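Undergrad: Predicted model follows, preceded by the sequence.
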Amino acid sequence: MSTPSSHPSFWRRVPLAFGAFFSTLSNAAYAARVEKLSLPEAAPVAPVAPAPAPAPVPTPAAAPVILKEATPDAALQLLALLQREARLIDFTQENLGSHADADIGAAARVVHEGCAKVMREYFTIEAVRQEAEGSRIVLQEGFDSAQVRLTGNVVGSAPFTGTLSHRGWRASSVRLPKLSEQHDAAILAPAEVEL
């Protein structure tokens, strides 16, 4: 019995059959390809119409993020207060490279005291967390990520257990003085002319 040269011989088909048999058992992707080949060519199977997609469930539209426009007046006013009480701008604008460490330390003490005075007079500052720094705390699911920043190896989801490395700060009240309409907040400290 002769076979056309385009078809493998019986003896060539025997190892192919065994190979296909074991590959079909061990490899699902291969089995799917063999299954497609075994469909009769004479009677093509009509493609199965995909099931109609379920109607999309309307998801509530996320509220647009509204960014507050910060007016610079309050920041400039605070900077002016820090200059007036602590000479902060003078200190930061000074080239400290030519000064001795003792002189810098003395100036830093004046700046520190003035800044502390401004903070006490115009703000009420409180700790975000009441636990002592270094204590172990547990953050449950839904914790306020604006109040607590996770650091280190952050993996998974809450609850998180960690060590409080900084209690954080929050301003519970701000008492900046009111400004008149004519006040130019951009003038942080007027130039001084001695007569």
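TA: That came through, no problem.

Undergrad: so residue 174 touches residue 125, yeah?
TA: No. Using C-beta atoms under 8 Å as the test, residue 174 is too far from residue 125 to be in contact (10.1 Å). For every residue, glycine as well, the C-beta is placed using N, CA and C.

Undergrad: those helices in the protein, which residues are they?
TA: 10-26, 28-37, 72-86, 88-93, 101-122 (DSSP state H).

Undergrad: which one of those has the lowest average pLDDT?
TA: The minimum mean pLDDT among the helices of the chain belongs to helix 10-26 (a mean of 64).

Undergrad: buried ones in stretch 187-194?
TA: Buried residues in stretch 187-194, counting neighbours by 16 or more other C-beta atoms under 10 Å, are found at residue 188.

Undergrad: residues in contact with it?
TA: With C-beta atoms under 8 Å, 6 or more residues apart in numbering as the test, stretch 187-194 has contacts from 76, 79-80, 83-84, 89.

Undergrad: If we use 6 Å, what do you get?
TA: For stretch 187-194, the external contacting residues (C-beta atoms under 6 Å, 6 or more residues apart in numbering) are 79-80, 83.

Undergrad: same check, this time on stretch 93-111
TA: By C-beta under 6 Å, 6+ apart, the surrounding residues in contact with stretch 93-111 are 86, 88, 91.

Undergrad: Same question for stretch 128-139.
TA: Applying C-beta under 6 Å, 6+ apart, the set of residues contacting stretch 128-139 is 147, 158-161, 163-164, 167-168, 170.

Undergrad: Tell me the buried residues within the residues you listed.
TA: 160, 164.

Undergrad: Restricted to strands, list the contacts of stretch 128-139.
TA: Counted as lying in strands by DSSP state E, out of the contacts of stretch 128-139, are 160-161, 163, 170.

Undergrad: Need these in TSV (columns: pLDDT).
TA: TSV is the format used below for the ones in strands among the contacts of stretch 128-139 (pLDDT from 0 to 100):
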residue	pLDDT
160	94
161	94
163	96
170	96
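
Undergrad: out of those, what pair is the most spread apart?
TA: By the measure C-beta to C-beta, 161 and 170 form the most distant pair in the ones in strands among the contacts of stretch 128-139, at 23.2 Å.

Undergrad: what separates residue 76 from residue 175, distance-wise?
TA: Relative to residue 175, residue 76 is positioned 17 Å away (C-beta to C-beta, to the nearest Å).

Undergrad: which of these two has more neighbours?
TA: residue 76 (17 against 8; other C-beta atoms under 10 Å).

Undergrad: In terms of pLDDT, where does the residue nearest to that one when sequence neighbours are not counted sit?
TA: Counting by C-beta to C-beta, 6 or more residues apart in numbering, residue 185 is the residue found nearest to residue 76 once chain neighbours are left out, at 4.0 Å. Looking at residue 185, its pLDDT stands at 92.
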